[in-house]
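Trainee: Let's see this in three dimensions:
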Amino acid sequence: MDEGKRVLKRYFRREIVSLNIYLIGIGCGTGSLTKEAADILSRAEFLIGAERLIGMFPDSFEKKAATRPEEILSAIQQFEKQNSGRPEKTAGQGNISVLFSGDSGFYSGTRRLLPLLEGYEVKILPGISSLQLLSARCGRPWQEWRLCSAHGLDCDAVKEVCGGRPVFFLTGGKLGPSQLCEQLKEAGLDALPVVVGENLGTDGEKILRGTAGEFAGKEFAALSVMLADAAPRFSRRTPGLPDEAFERTEHVPMTKQFVRAAIMAKLAPGMEEICWDVGTGSGSVAVELALQAGAVYSVERNAEALELAERNRRALGAWNLRLVQGSAPESLRGLPAPDAVFVGGSGGNLREILELVQKKNGRARICISAVTVETLSKAVTILKELGYETDAVQIGISQSRKAAGLHMMTAQNPVWLICGEPSFSSGECL
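Mentor: You can find the predicted model right below:
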């Protein structure tokens, strides 16, 4: 059907029924309805929404329990069909109210439903969200909070609290406050202050204050939200922390400050991205990545190095760094797909590691460090064979040291950084 006929059909249908569809956020219950929403609902002919929501209204209303956008659209169309012949219909009648908990614009089903209602007259009415209620109960403004939904979704609570701001979590499904606090506890954030709001806006409302360690494993009401403070982090302005910031040992190698800064510049990890660090050593590169990226997974086979990396992780607040003991590529197979990968040590398995990275995410950015010309040649060859665009940089650093009251320059061993980015055909959109 061409556009003109489609519009005419919708216009004719609207003349017959004159539907008015309202998408209403009812807050945390009928007691928190806005005056506008209460007025619209008092004149509603048909209510659609989750069983819990439509159950708040008398049985005198015509109701339909539906939550999926397709089910809601079907209910609207059915109502439209059943009432199309009613002669008493006048403009402004045909009030269908679709109910959403909280605010219709805050992690609401409104977003997915709206595209299906093209051609209908639709008005959206906001509600008072659980975010606003918890903010009021705590006496804390929420404009600087990070907002996150763990309601039926995968959620990395550790990554979220590492963003420098308090985090508000909508919870539900498999991830309630207890499970989120378990994640924080496992990362070493036992003492992180959290607030849980249960059954907000109802007679059973509770505001519970404690720590992630105290709330891990505790049972909470199904209708709960959580506020977690920002995780303490090392203060920094730019990549390339001073070498003195890291604990070091004689037998565990550490990538030096200026090389780390160059690695970070090459990989350019984003705040929402996942990074891998293969052969972590003291954990210096992994910590740098964690302070800038969303989540970092670091693999190291040497137990002494892993213990050192764990101490550096805690000392510098790299809570979103997960350390894995084992060899690559075996220990990498079960990890989430990376956006950026640093290879500081491959144990002779460089090709296998890079093939796995490519299989996990063909668009991942790669940086390999080398101190020998053999590793340099091997890295460039493998990356090219796998179809990556390659770039190699040699970093030679000399640093001053005091000698007899004067300053002399001492050279460090040169390091090569071999970088690979996927090559795309000219017609492919990056």
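
Trainee: Would you map the helices across the protein?
Mentor: 3-17, 35-42, 51-54, 69-82, 110-113, 130-138, 157-161, 177-186, 212-215, 257-267, 284-290, 303-315, 350-360, 373-385 (DSSP state H).

Trainee: same for the fourth one, what does it pack against?
Mentor: Right, helix 69-82. Here helix 69-82 touches strand 46-49, strand 95-100, helix 110-113, going by 3 or more CB pairs under 8 Å, 6 or more residues apart in numbering; DSSP states H and E. Yep, even glycine has a C-beta here, placed from its N, CA and C like the rest.

Trainee: List the contacts of that helix.
Mentor: Outside helix 69-82, the residues within contact range by CB atoms under 8 Å, 6 or more residues apart in numbering are 13, 17, 19, 21, 46, 48, 62, 64, 66, 94, 96, 98, 109, 112-113, 116-117, 120.

Trainee: hmm, which of these are the buried ones?
Mentor: 13, 17, 19, 21, 46, 48, 64, 66, 94, 96, 98, 109, 113, 117, 120 (16 or more other CB atoms under 10 Å).

Trainee: Identify, from those, the entry nearest to Gly317.
Mentor: Of all the buried ones among the contacts of helix 69-82, the one with the least separation from Gly317 (CB to CB) is Gly109, at 37.1 Å.

Trainee: show me where pLDDT drops low in the stretch 151-300 of the chain?
Mentor: Residues of the stretch 151-300 of the chain meeting the criterion pLDDT under 70: none.

Trainee: buried set for stretch 277-286?
Mentor: The neighbour-count check on stretch 277-286 (16+ other CB under 10 Å) flags Asp277, Val278, Gly279, Thr280, Gly281, Ser282, Gly283, Ser284, Val285, Ala286 as buried.

Trainee: Name the nearest of those relative to Ile207.
Mentor: Using CB to CB, Ala286 comes nearest to Ile207 of those, at 37.8 Å.

Trainee: measure that closest one to Leu323 for me?
Mentor: Separation of Ala286 from Leu323 (CB to CB, to the nearest Å) stands at 8 Å.

Trainee: what touches both of those two?
Mentor: Common neighbours of Ala286 and Leu323 (CB under 8 Å, 6+ apart) are Thr280, Ser298, Ala309, Arg313.

Trainee: hmm, back to that, please identify which of the helices and strands packed on helix 69-82 is closest to Ser377.
Mentor: Of all the helices and strands packed on helix 69-82, the one in closest proximity to Ser377, counting by CB to CB, is helix 110-113 (51.6 Å).

Trainee: who touches the closest one?
Mentor: Leu23, Pro69, Ile72, Leu73, Val98, Phe100, Ser104, Ile124.

Trainee: Rebuild those residues as a markdown table, extending it with pLDDT.
Mentor: As requested, the contacts of helix 110-113 are exported to a markdown table (pLDDT from 0 to 100):
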| residue | pLDDT |
| --- | --- |
| Leu23 | 97 |
| Pro69 | 95 |
| Ile72 | 96 |
| Leu73 | 95 |
| Val98 | 97 |
| Phe100 | 95 |
| Ser104 | 93 |
| Ile124 | 97 |
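
Trainee: between the residues you listed, which is nearest Ala261?
Mentor: Checking the contacts of helix 110-113 against Ala261 with CB to CB, the nearest one is Ser104 at 46.0 Å.

Trainee: Was I right to think that closest one contacts Gly27?
Mentor: No: applying CB atoms under 8 Å as the test, Ser104 and Gly27 come out as separate, 10.1 Å apart.

Trainee: Pull up the overlap in contacts between those two.
Mentor: Common contacts of Ser104 and Gly27 (CB under 8 Å, 6+ apart): Gly127.

Trainee: what comes up buried for stretch 329-345?
Mentor: The neighbour-count check on stretch 329-345 (16+ other CB under 10 Å) flags Pro329, Ser331, Leu332, Leu335, Pro338, Asp339, Ala340, Val341, Phe342, Val343, Gly344, Gly345 as buried.

Trainee: And for stretch 257-271?
Mentor: Neighbour counts over stretch 257-271 (16+ other CB under 10 Å) mark Gln257, Val259, Arg260, Ala261, Ala262, Ile263, Met264, Lys266, Leu267, Pro269 as buried.

Trainee: any idea how far Cys28 is from Gly163?
Mentor: Distance of Cys28 to Gly163, computed by CB to CB: 27 Å.

Trainee: In JSON lines, list the buried residues of stretch 257-271 along with distance to Glu389.
Mentor: JSON lines is the format used below for these (distance: CB to CB, whole Å):
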{"residue": "Gln257", "distance to Glu389": "28"}
{"residue": "Val259", "distance to Glu389": "22"}
{"residue": "Arg260", "distance to Glu389": "23"}
{"residue": "Ala261", "distance to Glu389": "22"}
{"residue": "Ala262", "distance to Glu389": "18"}
{"residue": "Ile263", "distance to Glu389": "18"}
{"residue": "Met264", "distance to Glu389": "20"}
{"residue": "Lys266", "distance to Glu389": "13"}
{"residue": "Leu267", "distance to Glu389": "15"}
{"residue": "Pro269", "distance to Glu389": "19"}
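
Trainee: Which residue comes closest to Ala221 once chain neighbours are left out?
Mentor: Glu198 (4.1 Å; CB to CB, 6 or more residues apart in numbering).

Trainee: how about that neighbour, what does it touch?
Mentor: So Glu198 contacts Gly204, Glu205, Lys206, Ile207, Leu208, Phe220, Ala221, Leu223, Ser224 (CB under 8 Å, 6+ apart).

Trainee: From these, which land in strands?
Mentor: Using DSSP state E, the subset of the contacts of Glu198 located in strands is Lys206, Ile207, Leu208, Ser224.

Trainee: Which residues does the last one form beta bridges with?
Mentor: When assigned by DSSP bridges, Ser224 has beta-bridge partners Glu198.

Trainee: Out of Cys28 and Gly163, name the residue with the larger neighbour count.
Mentor: Comparing Cys28 with Gly163 by other CB atoms under 10 Å, the one with more neighbours is Cys28, at 23 against 17.
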